[in-house]
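K.L.:
Everything below, folded, please.
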Amino acid sequence: MGISRRSVLAGAAVMAMAGPAIVGLAMPAAAQKGDVIIATTGGLMEKSLQEHFYKRFEAETGIRVRSVPIELPDQWARAVAGSRSGNVPFDIVTATPPDMVQRKDILEPLDCAGMESVKANGLPNSCFPNGLMRTAGGMTLVWSTKAFPAGKEPKSWADFFDVKNFPGPRALPDTGDREWWVPTMALIADGVPVDKLFPLDVDRAYKKLDTIKPHVAAWWKSGDNIMQIMRGGDAVMTMAYSSRSVPLAKSGDFNFTWNGAIRDVGNWAVLKNGPNTKNAIAFLEFFVKGPAEHVPFSAKVSFDSNNREAASMIPAEERRFRPSWPDNWSQLVIADYEWIAANRDQLRERWTTWVTK
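P.N.:
You can find the predicted model right below:
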């Protein structure tokens, strides 16, 4: 199939909108079978996707990947605006589980039962009505081993709040899904069983959070910011993406636990009426293949990715760092995303009021 006039115009519109942020990997003109426009966060994630998936997809299919590095709030703002105007800017977007619920009206339904490669290669239950799991990790408890050496380390979120026995400044997120991550963590610390967390008792959560707020010395805004805060000694304990807790732990100066970590899953979702929907579905089918590529990709981004054979290729000494390893996976807290999506505006308003007062 050649490049349609609609695809050319849509691709040009996105390039004009995003400017130099879009990277189109060159392919010989004769091999072209159209484009696929993929929006994802930039930096290490985009670089690793380029190296292990985008280039191979182009070589195997002749479909050119146009990669748009963009943070989630801007991505969704453009996706919603494009859906309303009829000029959808991307084919594939990065989606959290609540995004897939909250934005399902602008997402292309996936026929999981009919996606043969996903059934053969993907992790069990990794395909959803409006998305496909891309990466999996957790919001983990991380601490300085200088402040808390082996034998005296924190073991749970309750210890995060225990400033008497575990003294020192804390750090917490003020980005991403912090409006439900942090209250959920507070309720676990307050003794709520993980199977009774939802619907969240928001008042109880913030009563607990009031006790730790005076000890929060830093509010991180990104994964890189976590690294800077911890390495700089601004905090001795934090909630952190496992993609950051793993390299911190490997340095020897920090450690972390999967106990009570909140499962953090990133997904691919296809926008309705995008410029290259068929190519987008083809990319999802391609993505789950090739365990030999998933292993180094996961090692670089410190998230597991969606291939069922990759875990068997992980060296034994690496297994404690991988969320999908059974001993770790069983400790992750799974949220009620339907409830979160239905209450997200109120959760954000409550968070903003609390964090700024």
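K.L.:
and the longest helix along the chain, what's its mean pLDDT?
P.N.:
Longest among the helix segments of the chain by residue count, using DSSP state H, is helix 337-356. Computed over helix 337-356, the mean pLDDT rounds to 94.
K.L.:
can you check stretch 127-147 too?
P.N.:
The average pLDDT for stretch 127-147 rounds to 95.
K.L.:
Make 74 the starting number, not 1.
P.N.:
Happy to do that; since the first residue is 74 now, the last one works out to stretch 200-220.
K.L.:
which SSE is the most centrally placed residue in the chain in?
P.N.:
Centroid-nearest residue in the chain, with Cα atoms, centre = their mean: residue 339, separated by 3.7 Å. Here residue 339 sits within strand 327-343, counting by DSSP states H and E.
K.L.:
immediately after that strand, which helix or strand?
P.N.:
helix 350-360.
K.L.:
Tell me where the stretch 224-373 of the chain has strands.
P.N.:
With DSSP state E, counting those that start in this stretch, the ranges of strands along the stretch 224-373 of the chain come out as 243-246, 289-293, 310-314, 327-343.
K.L.:
Tell me which of the ones you listed approaches residue 107 most closely.
P.N.:
Proximity to residue 107, assessed across the strands of the stretch 224-373 of the chain by Cβ to Cβ, is greatest for strand 327-343 (14.7 Å). For the C-beta atoms, the positions are set from N, CA and C on the backbone; glycine is no exception.
K.L.:
before we move on, the earlier item: quick one: the residue nearest to the centre of the chain and residue 356, what's the gap?
P.N.:
15 Å (Cβ to Cβ, to the nearest Å).
K.L.:
on contacts alone, who are the packing partners of the longest helix of the chain?
P.N.:
On a contact count with 3 or more Cβ pairs under 8 Å, 6 or more residues apart in numbering; DSSP states H and E, helix 410-429 meets helix 170-175, helix 251-262, helix 275-285.
K.L.:
Reformat those helices as a markdown table; add mean pLDDT, mean neighbour count and distance to residue 360.
P.N.:
Shown next, in a markdown table, are those (pLDDT from 0 to 100; neighbours: other Cβ atoms under 10 Å; distance: least, Cβ to Cβ, whole Å):
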| stretch | mean pLDDT | mean neighbour count | distance to residue 360 |
| --- | --- | --- | --- |
| helix 170-175 | 90 | 22 | 17 |
| helix 251-262 | 97 | 23 | 26 |
| helix 275-285 | 98 | 16 | 36 |
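K.L.:
Distance to residue 162 for those helices - can I get that in a markdown table?
P.N.:
Formatted as a markdown table, the helices and strands packed on helix 410-429 follow (distance: least, Cβ to Cβ, whole Å):
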| stretch | distance to residue 162 |
| --- | --- |
| helix 170-175 | 16 |
| helix 251-262 | 26 |
| helix 275-285 | 35 |
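K.L.:
so who does residue 114 touch?
P.N.:
142-145, 167 (Cβ atoms under 8 Å, 6 or more residues apart in numbering).
K.L.:
Which ones among those lie within helices?
P.N.:
Short answer: the contacts of residue 114 in helices (DSSP H) are residue 145.
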